[in-house]
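A.B. asks: this one's sequence-less:
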């Protein structure tokens, strides 16, 4: 049964979440799947500890749509480029491109990032840019009592769609496999920590090979010029 509603409150007790209160009604379940994004409204009601990976230092992105250049062909993959103090993506969509610049606000201001993106992203629509701040940490116990958080409600690494999708689909399969197991919470959290940390390490591997010798790229031991 699909009900469109907005969470107004979460009632908890010693066993976990007792009831989710919406604007239209109250909802109870044996197991709650939290897909409320960064807010993690349901899971965080039970208290959560977020861990940050040392290699992932970015905390902001500037993004915006772009137009195809004349006679430009679409690509079946995402392009990525090293930037002065971060990296840029360009995605081929059916009718436009998707563009963004990922960086750390301590090393580059939002206005500087916008300007560099305009200069280096071909076809970007200058008046349609938007800012996306983020925290790249993860909940080391996404399954607690009768709540499992999935997707952004359990953590965030970096604006790479492939890793984002993987960190949704893999835990979903784990939930299905562990359904009914009395040790499901412990097993899930153990596997989740392993998956997340190794994925974070994989993402962090491309930073030491940055294209510039400056304060940002040298954080990763980069010495190229």
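C.D. replies: Received the coordinates, thanks. As the structure is a computational prediction, the values presented were derived from the model and not from experiment.

A.B. asks: from here on, contacts and neighbour counts on C-alpha atoms
C.D. replies: Will do.

A.B. asks: which residue is nearest the middle of this protein?
C.D. replies: residue 156 (3.4 Å; Cα atoms, centre = their mean).

A.B. asks: Spit out the contact partners of the residue lying closest to it once chain neighbours are set aside.
C.D. replies: Spatial nearest neighbour of residue 156, chain neighbours left out: residue 136 (4.8 Å); criterion: Cα to Cα, 6 or more residues apart in numbering. Going by Cα atoms under 8 Å, 6 or more residues apart in numbering, residue 136 touches 52-53, 56-59, 155-158.

A.B. asks: which residue packs closest to residue 133, ignoring adjacent ones?
C.D. replies: In this structure, residue 133 finds its nearest non-sequential neighbour in residue 60, 4.2 Å apart by Cα to Cα, 6+ apart.

A.B. asks: Tell me the spacing between that neighbour and residue 131.
C.D. replies: To residue 131, residue 60 is 7 Å away according to Cα to Cα, to the nearest Å.

A.B. asks: and if you look at residue 62?
C.D. replies: Counting by Cα to Cα, the gap from residue 62 to residue 131 is 5 Å.

A.B. asks: Mind giving me the packing neighbours of the least confident helix or strand in the chain by mean pLDDT?
C.D. replies: Least confident helix or strand of the chain, by mean pLDDT, DSSP states H and E, is helix 161-178 with a mean of 84. Applying 3 or more Cα pairs under 8 Å, 6 or more residues apart in numbering; DSSP states H and E, we find helix 161-178 packed against helix 184-204.

A.B. asks: Now find how far off-centre the helix it packs on is within its chain.
C.D. replies: 15 Å (Cα atoms, centre = their mean, to the nearest Å).

A.B. asks: With stretch 25-43 instead?
C.D. replies: 18 Å.

A.B. asks: Kindly report the same for stretch 114-131.
C.D. replies: Once both centres are worked out by Cα atoms, centre = their mean, stretch 114-131 turns out to sit 22 Å from its chain's centre.

A.B. asks: Just the ones of the contacts of residue 136 in strands?
C.D. replies: Residues of the contacts of residue 136 located in strands (DSSP state E): residue 52.

A.B. asks: re earlier: tell me which of residue 60 and residue 131 has more neighbours.
C.D. replies: residue 60 (25 against 15; other Cα atoms under 10 Å).

A.B. asks: give me the low-pLDDT residue ranges for the chain?
C.D. replies: 221-225 (pLDDT under 70).

A.B. asks: for it, what spans make up the strands?
C.D. replies: 7-13, 16-22, 26-27, 32-34, 50-52, 60-66, 79-83, 86-92, 97-103, 130-133, 137-139, 143-144, 147-149.

A.B. asks: Nearest to residue 186, out of those strands?
C.D. replies: Among those, strand 143-144 comes nearest to residue 186, with 8.1 Å by Cα to Cα.

A.B. asks: what does that closest one contact?
C.D. replies: For strand 143-144, contacts defined as Cα under 8 Å, 6+ apart pick out 16, 43, 46, 149, 185, 188-189.

A.B. asks: Run the chain-centre distance for that strand.
C.D. replies: Distance, centroid of strand 143-144 to centroid of chain: 19 Å (Cα atoms, centre = their mean).

A.B. asks: do stretch 131-150 as well
C.D. replies: Centre-to-centre, stretch 131-150 and its host chain are 10 Å apart (Cα atoms, centre = their mean).
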